[in-house]
Structures are given as structure tokens and as C-alpha cells.
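> From the sequence below, what's the structure:
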Amino acid sequence: MRPRKTILCVDDNEQVLSVRKFLLETRGYRVLGMTTAAEALEYLQEVTEGAVDLLLADLILPQMDGNELIRRAKQVHPGLPTLLVSGTVANFDRAASADAFLPKGACTPAEVLDRIRILVARKRGPKKRVQSVTVEAASGAQTALAS
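Numbers count the residues shown, from 1 in each chain. Model (predicted):
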């Protein structure tokens, strides 16, 4: 049996958080529910990279909005997939840090689950940097071969 994927779910509305947690847990996910961005950020700073498979956050949160939470979370865990949800579609432009955005109430639970499945499946590790060969290094190698 494969290990369950862990989703960190942040919403200041405890009723919404409870429904979302139930929906995800019945689909086999392990859900960590938190009501503040500060609490979620503190948790992310304590765990190792890869301990959380997805950060699902509401855009409108007290003290720190979901977009800022995601920006800071990606500083701690750069490969962490993120999904931002909001009750106001007009806030999409504020969701620049998230990997995906879903409007609350405008999509079905099946669409939410599908988006989560896709994000968790393509969970990225640290970005690999390919070093390009500089012109000087290439010409130096040709000079060394000619000698």
C-alpha cells in the first residue's frame, strides 16, 4: 500500500476547513487543518522538505493573506505545490505565487479533487540547474586539443 499524501489545509473558517478536511480524508489524503497562516508557516519551518505534499490555502486570511503565506512557504520549501482558493474570483490577480487557483463555490468538489490530484502527482523536487558551457571554456578546450 502506498503512503498517503499529506495536505496542509489553511482556512480561517472552521466550518469550511472541516468540510474540506472530510472531503480530502475520505479520498485517502492525510489532512493537517490550520486556521491561521502564521500557524501553517511555523509548521512548515519545523518539518523536512517533502513532509507536506500540497499547501491548500484560502486567499483571505487574517494578518497574512494566502498569497503571502504561499510566497513564504515556497522560500522554506521551494518544491511545494500550492493551491489557492478564494470566494471572490476578482482576487485571481493577487494569487500570483500559487501554482493553481480555484474560485470557491464556482467549481464542484470533483474539480477540486482533480486539481489536487494533478498537483500532488506532479510534485516537484528541487529545480535542477543545467550549467551551460561558456564560449571561453569551449575555445580553451579546443586550444588544448590542438596543442
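> what's the least confident helix or strand in the protein, going by average pLDDT?
Least confident helix or strand, the chain: helix 135-146 with a mean of 43, by mean pLDDT, DSSP states H and E.
> ranges for the strands of the chain?
6-10, 30-34, 54-58, 82-86, 100-103 (DSSP state E).
> Which residues does Gly33 form beta bridges with?
Cys9 (DSSP bridges).
> From what I see, it and Cys9 are in contact.
Yes - here Gly33 reaches Cys9: they are 5.2 Å apart, a contact under Cβ atoms under 8 Å. Using the backbone N, CA and C atoms, a C-beta is placed for each residue, glycine as well.
> For these two, work out which one has more neighbours and name it.
Taking other Cβ atoms under 10 Å, Gly33 and Cys9 do not tie; Cys9 has more neighbours (24 against 19).
> what residues are up against that one?
Counting by Cβ atoms under 8 Å, 6 or more residues apart in numbering, Cys9 touches Leu17, Arg20, Lys21, Leu24, Val31, Leu32, Gly33, Met34, Leu56, Ala57.
> Asp53 now?
Lys5, Thr6, Ile7, Pro81, Val120, Lys123.
> And the buried ones among the residues you listed, selectable in PyMOL?
In PyMOL syntax, the buried subset of these is picked out as below (16 or more other Cβ atoms under 10 Å):
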select buried, resi 5+6+7+81+120
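> any chance you could map the helices in this structure?
Secondary structure of the chain (DSSP state H): helices located at 14-25, 37-46, 66-76, 109-121, 135-146.
> and the second one, which residues are buried?
Buried residues in helix 37-46, counting neighbours by 16+ other Cβ under 10 Å, are found at Ala37, Ala38, Ala40, Leu41, Tyr43, Leu44.
> Columns distance to Val112 on top of those, output as JSON lines?
Below are the buried residues of helix 37-46 laid out as JSON lines (distance: Cβ to Cβ, whole Å):
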{"residue": "Ala37", "distance to Val112": "20"}
{"residue": "Ala38", "distance to Val112": "25"}
{"residue": "Ala40", "distance to Val112": "19"}
{"residue": "Leu41", "distance to Val112": "23"}
{"residue": "Tyr43", "distance to Val112": "22"}
{"residue": "Leu44", "distance to Val112": "22"}
